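>>> Sequence below, structure please.
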Amino acid sequence: MGGVGTSAFIPGLTATNIGKSESYRPASLKNDGPPAVAPGAQPRPSPGAGGPQPRPTSAAGTAGGPAAVRPMDPLVAARFVLDGILRNDLFIVAEPEYRVGVEARCSALLESMMPFKPLPPELSRGNVYRTPIYLQEVAHRKATQTRDITGT
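Model (predicted):
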């Protein structure tokens, strides 16, 4: 079976109405009561009640600021997705501002691993615990570094 690819899209903050999705839900599908809060989590105060102010809903006029104050336009996000799929990218990451956080997360994961011990020969035949996909993705990205996302 060939010709099947998979891409993981990490868009970052995108200007959508997802925060208002409950108001669009048909009455027959609405939840009873307020949204659930995970155990141990603090409920978010509503804006205007001394809580955080809502983020801007448009990228206009905020160019150059961090991603949190300049959410991506949904059409630009769609262009990133389409471009990534057409290029057969494994990961489609639209916001370079997240690199520091991704590096920190990956470092924490690596530091959490037990010290390396070579696999016994009977388990290492056929390279069963390894996949070439990440090496392929690194080579693919080095060959396709430039992007032409019209509208950005």
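>>> Find the least confident helix or strand in the chain, judged by mean pLDDT.
helix 121-124 (a mean of 70; mean pLDDT, DSSP states H and E).
>>> Show me the helices in this structure, by range?
With DSSP state H, the ranges of helices along the chain come out as 21-24, 74-86, 99-111, 121-124, 133-143.
>>> could you point out where the chain is predicted with low confidence?
For the chain, applying pLDDT under 70 flags the ranges 1-2, 43-68, 123-130, 150-152.
>>> switch the cut-off to 50
Applying pLDDT under 50 to the chain picks out residues 51-64.
>>> Can you give me every residue that contacts the residue nearest the centre of the chain?
The chain has residue 10 as the residue nearest its centroid, 2.2 Å off, counting by C-alpha atoms, centre = their mean. When contacts are counted by C-beta atoms under 8 Å, 6 or more residues apart in numbering, residue 10 touches 91, 92, 93, 94, 95, 98. Every C-beta, even on glycine, is put in place using the N, C-alpha and C of the backbone.
>>> ranking those residues by neighbours, who comes first?
For the contacts of residue 10, the largest number of neighbours (other C-beta atoms under 10 Å) sits with residue 94, at 24 neighbours.
>>> and it, what are its phi and psi?
In terms of degrees, to the nearest 10, the main-chain angles of residue 94 are phi -90, psi -20.
>>> what's near enough to touch it?
Applying C-beta under 8 Å, 6+ apart, we find residue 94 in contact with 9, 10, 11, 12, 72, 76, 77, 80.
>>> Separate out the buried members of those residues.
The neighbour count (16 or more other C-beta atoms under 10 Å) marks 11, 12, 72, 76, 77, 80 as buried among these.
>>> Dump these to JSON lines, plus distance to residue 143.
Below are these laid out as JSON lines (distance: C-beta to C-beta, whole Å):
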{"residue": "11", "distance to residue 143": "24"}
{"residue": "12", "distance to residue 143": "24"}
{"residue": "72", "distance to residue 143": "25"}
{"residue": "76", "distance to residue 143": "24"}
{"residue": "77", "distance to residue 143": "24"}
{"residue": "80", "distance to residue 143": "18"}
